[in-house]
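Student: Next input, structure requested:
(chains A, B, C and D)
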Protein chains: 2
Amino acid sequence: MLDERSKKVLYAVIQCYINTPGPVGSRVVTKKYHFGLSPATIRNIMSDLEEMGYLRQPHTSAGRVPTDSGYRFYVDSIANEKQQINSALTAELNKKFELIKKDINSFLDDASKMLSELSHYIGVTMSPNTSMTTLNKIELLKYRDDQLAVILFTDEGMIQNKIVPVAPEISQRELNRIAEYINSRFKGRSLDEIKRLILKEMTKERVLCDSLISEAIRICRNAFSSAPGNIYISGLSEVLRLPEFCDINRIRELLQTLEAKHLIINLLDNIADAEGTQVLIGAENSLEEMNQLSLVAATYKEGDRPIGTIAIIGPKRMNYQEAISIVDSTARFITKLLS
Amino acid sequence: MLDERSKKVLYAVIQCYINTPGPVGSRVVTKKYHFGLSPATIRNIMSDLEEMGYLRQPHTSAGRVPTDSGYRFYVDSIANEKQQINSALTAELNKKFELIKKDINSFLDDASKMLSELSHYIGVTMSPNTSMTTLNKIELLKYRDDQLAVILFTDEGMIQNKIVPVAPEISQRELNRIAEYINSRFKGRSLDEIKRLILKEMTKERVLCDSLISEAIRICRNAFSSAPGNIYISGLSEVLRLPEFCDINRIRELLQTLEAKHLIINLLDNIADAEGTQVLIGAENSLEEMNQLSLVAATYKEGDRPIGTIAIIGPKRMNYQEAISIVDSTARFITKLLS
DNA sequence: TATTAGCACTCTGGTATGGAGAGTGCTAAA
DNA sequence: TTTAGCACTCTCCATACCAGAGTGCTAATA
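Tutor: Numbers count the residues shown, from 1 in each chain, chains lettered A, B, ... in the order given. Next up, the predicted model:
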C-alpha cells in the first residue's frame, strides 16, 4: 500500500498535470506544494510511484505523467470524500431552467449544452430508454387514408409519434376502440413489456383471423417497435481547445465515433444500471477511439427506476472533482424535474 | 472577356487544383492537358489570368491557385452546360430509400447522411420551414391536469408536438371543439399565416372576455409559436480528411459555427427562395467562419412552393460538378417523395 | 537511516543553415 | 506569336546546434 506521503505526492502530480498539461517534474512539485522536502526526495518518491504503475515518464529525463491506474486511484479517493454538491451549480441549474416548460426531449437537448458549458468538455444526454419508459396513454389518429399517426405519451413526459401504415377500411372509431383497449390494458407498463405481451398475443390470436383484431395487433407491433433513443451531444468545439487534441487524426476518429450515435448509446446503456456517478478512465470504456478520453456518467430516475443517462466526455486529464459534481447535480435535477 | 484558350487554361488549373491541392505550375498543365503549347506560353496566359483576378500566386515563383472569382467563373460555366442528372445516383437514392416509410424528419436525418456519404463533404438538411408548411390537421389532447399536448399534422407529412399549459377546468370535449374550429377555419393555410390571424383575433376578442374563447386563443398562440426548424448535419469527420483542415483553430471555428445551428438555419433560409441549385463560394456566404468553404444548396418543394433546403458544405476546392449533381438529384427526389 | 546537495547525462523544442526542387519572369531567337 | 534558355526566388526538408528542464546517481549530512 501507499503511505500518506506518497499519496500526497501522487495527488500533487495529478493536480499539476490537470492544471497544466506536460510532464511534471520534481522541482515544480516542491514549489507549488510545500511538503518541506527537497526535489531529490520527491524524485525518489516519484520513482517509487512509477514502479507501482501510477506514474510514467514519457521519456528518460522528462517529468512524470499519471497513468490510467494513477487517475483511477485519484478518482477513487476523491469519491470517498463525501461529495459535497455544488450548491452554486444547483442554483444556476434552477435559474436556467425555471422558465422552461418544454417536453423532455428539448429539455435534454438544452441539458447537454448546459453540461458542456459548465464543464468545458463534451456534454451528452440521452432520452429515456424505451425499455424503461412506461405507457401513460396512446392515441391513434387516422392521418391519411392508408396511414395513421401513433402518439405515445409516457409517464416520463415524453411524446413519441410514429407513422404506421393502416388498412384503409379501418375507421377512426375503430382506432379509438383499439386505443382504448391498449390504454386500459397496458397503462403503466414499460413499452418493452407491452411489445412482448403483444407479440405473445399475436401468436395466440393468429388462428382467430378476426380482421379487426389482427389489424390492431399489426398496428401495435409497429407502434411499439422500439425507436432508438435520442441522444444529444454538445460542446465538440470546447474540447478542441485542449492540447491533447492537437492531432487531426485523433479528432477525426473522435468525430466519427460521436457521429455513429449508436456506439455512444450502447456505451451509455451499459452503465445505465450502475448506482451513483460512474467514472470510466481511458481504456476502461469499450470504445477504442475513446481510449484517450474519460467519461463521467450518471443516470436520472423516475421514482427509483433509472431511466436515462447523462455524461460528460473529456480528456483523461479532466477536472474529475468538478465534472463529477456537475454530472451528479444535473442528474439529480432532472430526476426532480420528472417527479 | 476571356478568349477560349484562356478559359481552357483556367479550367485546367482549377481542375488540377481540385484533384490535388497545392499550387499548380505551368509544366503540370502542359503535361496533363494537351494544349499543344509550351510551358512558357501557358505561363503567359496564367499571368494574364492572374491580372484578371481569376488566379493568384501564394508567393513569387510558386504555381497558381484559383481565387474566389476564378471558382465563380468556373461554376457559372459548368452551370450553363445542361446539367445531366446523374442517373446512377438517382437509382441509388431510390434503392436506399425504397424501404423507408418514416416521417419526414427521420427521413431528412438519413438524407443528410446520404449527402455526406455520396459527396464526402458535410451534408445538411433542414426540415420544412414552419412559415411554409400548411396545416393539415390539429389535435388537442389533454395530457395531464394542467397540460395539453398539441399535435400538428402538416400537409408535408410532418408531425409536430408541443406541450402547452392549460387551465384545469377545460375539458377534453371543449378541446375537441377548439380543435374542430381551427381545423375547419385554417386547414391548408401556412402556420405563420395562422399565427398572424390568431394574433389579430386576439386583440379583437380581448374585450369579449369569454373565458373559453380566450383560453382557446391562448392555447393556439402557444401551439403555433414557431418552433425552430430541425436541422441535420452529417459528415463532419469526412472533411477532416482534406488537407485544408490541417489547422485546429479553423476546425474549432467551423465546429462552433455548426453547433450554433441557428446560424446555419439563417444562412440556408436566406437562399431558400432562389430557384435551382445555388452555389456560394467562399466569402459569398454571410458567415465569416465559412469564408474558406463553399456551399451547394437547393430547395425541395411541395408542389411549386419551396419548403425546405438541403446543402453540401465543403472546401472551396470542391468537386462542384459532382456536388451540384448530388444536391440537385436529392432535392428532386425529396420533392417527388413529398407529392 | 532518511534526506539532501551536487553533478553528469539525456531528451525536447526552437532556431539557424544549407541544399534540392519546382516554378517563375524575362530576354532573345525562331 | 510562340518558344527555348537562363537566372532568380521561394518552399520544404534535413541537419546541426544550443538552451532548458529534468532525471539518476553518488557522496555528504542531520
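Student: which bits of the stretch 151-300 of chain A sit near chain B?
Tutor: A:151, A:153, A:157, A:159, A:161-163, A:165, A:234-237, A:240-241, A:245-246, A:248, A:251-253, A:255-256, A:259 (Cβ under 8 Å from any Cβ of the partner chain). (C-beta placed from N, C-alpha, C; glycine too.)
Student: which stretches of chain A have low pLDDT?
Tutor: A:81-86, A:97-102, A:203-211 (pLDDT under 70).
Student: Can you tell me which of the residues of the stretch 151-300 of chain A next to chain B end up in strands?
Tutor: A:Ile151, A:Phe153, A:Ile159, A:Asn161, A:Lys162, A:Ile163, A:Pro165, A:Ser234 (DSSP state E).
Student: Buried subset of the residues you listed as a PyMOL selection?
Tutor: Selection of buried members from these for PyMOL, criterion 16 or more other Cβ atoms under 10 Å in any protein chain shown:
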select buried, chain A and resi 151+153+159+161+162+163+234
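Student: can you tell me which two in the ones in strands among the residues of the stretch 151-300 of chain A next to chain B are farthest apart?
Tutor: A:Pro165 and A:Ser234 (35.7 Å; Cβ to Cβ).
Student: so who does the residue of the stretch 1-150 of chain A found nearest chain B touch?
Tutor: Chain B sits closest to A:Asp103 of the stretch 1-150 of chain A, with a gap of 4.9 Å, by Cβ to the nearest Cβ. Taking Cβ atoms under 8 Å, 6 or more residues apart in numbering or on different chains, we find A:Asp103 in contact with A:Gly157, A:Met158, A:Ile159, B:Asn161, B:Lys162, B:Ile163.
Student: repeat that with 6 Å
Tutor: By Cβ atoms under 6 Å, 6 or more residues apart in numbering or on different chains, the contact set of A:Asp103 is A:Ile159, B:Ile163.
Student: how about the particular helix or strand that has A:Lys96 in it: buried residues?
Tutor: In the assignment (DSSP states H and E), A:Lys96 maps to helix A:87-97. Of all the residues in helix A:87-97, those buried under the rule 16+ other Cβ under 10 Å are A:Leu89, A:Thr90, A:Leu93, A:Lys96, A:Phe97.
Student: and it, what does it pack onto?
Tutor: Applying 3 or more Cβ pairs under 6 Å, 6 or more residues apart in numbering or on different chains; DSSP states H and E, one finds that helix A:87-97 contacts helix A:320-338.
Student: Apart from its neighbours in sequence, what residue is nearest A:Arg250?
Tutor: Excluding the flanking residues, the one nearest A:Arg250 by Cβ to Cβ, 6 or more residues apart in numbering or on different chains is A:Gln292, at 7.0 Å.
Student: what about the one you found, neighbour count?
Tutor: 17 (other Cβ atoms under 10 Å in any protein chain shown).
Student: Distance check, it against A:Gln256.
Tutor: Distance from A:Gln292 to A:Gln256, counting by Cβ to Cβ, to the nearest Å: 14 Å.
Student: Could you do A:Ile271 as well?
Tutor: With distances taken as Cβ to Cβ, A:Ile271 is found 22 Å from A:Gln256.
Student: what sits against A:Met158?
Tutor: A:Ile104.
Student: I misspoke; the intended subject was A:Pro228.
Tutor: A:Pro228 neighbours (Cβ under 6 Å, 6+ apart): none.
Student: ditto for the one 4 residues further on
Tutor: The neighbours of A:Tyr232, taking Cβ under 6 Å, 6+ apart as the test, are A:Leu108, A:Asp109, A:Ser112, A:Thr125.
Student: swap the cut-off to 7 Å and go again
Tutor: A:Leu108, A:Asp109, A:Ser112, A:Val124, A:Thr125 (Cβ atoms under 7 Å, 6 or more residues apart in numbering or on different chains).
Student: overlap between those and the residues near DNA strand D?
Tutor: When Cβ under 7 Å from any atom of the strand is applied, no member of the contacts of A:Tyr232 is adjacent to DNA strand D.
Student: want to throw those residues into TSV with neighbour count?
Tutor: Output for these, formatted as TSV (neighbours: other Cβ atoms under 10 Å in any protein chain shown):
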residue	neighbour count
A:Leu108	26
A:Asp109	18
A:Ser112	23
A:Val124	29
A:Thr125	28
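Student: Spell out the secondary structure type for A:Pro58.
Tutor: Put simply, A:Pro58 is coil when judged by DSSP: H, G, I helix; E, B strand; the rest coil.
Student: Kindly report the same for A:Ala62.
Tutor: A:Ala62 - assigned by three-state DSSP - is coil.
Student: how close does it sit to A:Leu55?
Tutor: 11 Å.
Student: now do A:Ile138
Tutor: Applying Cβ to Cβ, the value for A:Ile138 to A:Leu55 is 58 Å.
Student: more neighbours, those two?
Tutor: Comparing A:Ile138 with A:Leu55 by other Cβ under 10 Å, the one with more neighbours is A:Leu55, at 26 against 23.
Student: Just grab the bridge partners of the residue nearest to that one when sequence neighbours are not counted for me.
Tutor: Once flanking residues are discounted, A:Leu55 sits nearest to A:Arg64: 4.2 Å by Cβ to Cβ, 6+ apart. Per DSSP bridges, the residues bridged to A:Arg64 are A:Val24.
Student: Who are the contact partners of A:Arg64?
Tutor: A:Val13, A:Pro23, A:Val24, A:Met46, A:Glu50, A:Leu55, A:Arg56, A:Gln57.
Student: Roughly how far does it sit from DNA strand C?
Tutor: Look at A:Arg64 and DNA strand C: by Cβ to the nearest atom of the strand, to the nearest Å, they are 14 Å apart.
Student: cool, and A:Lys137?
Tutor: From A:Lys137 over to DNA strand C the distance is 61 Å, taken as Cβ to the nearest atom of the strand.
Student: Doesn't that residue lie inside a strand?
Tutor: Yes: counting by three-state DSSP, A:Lys137 is found in a strand.
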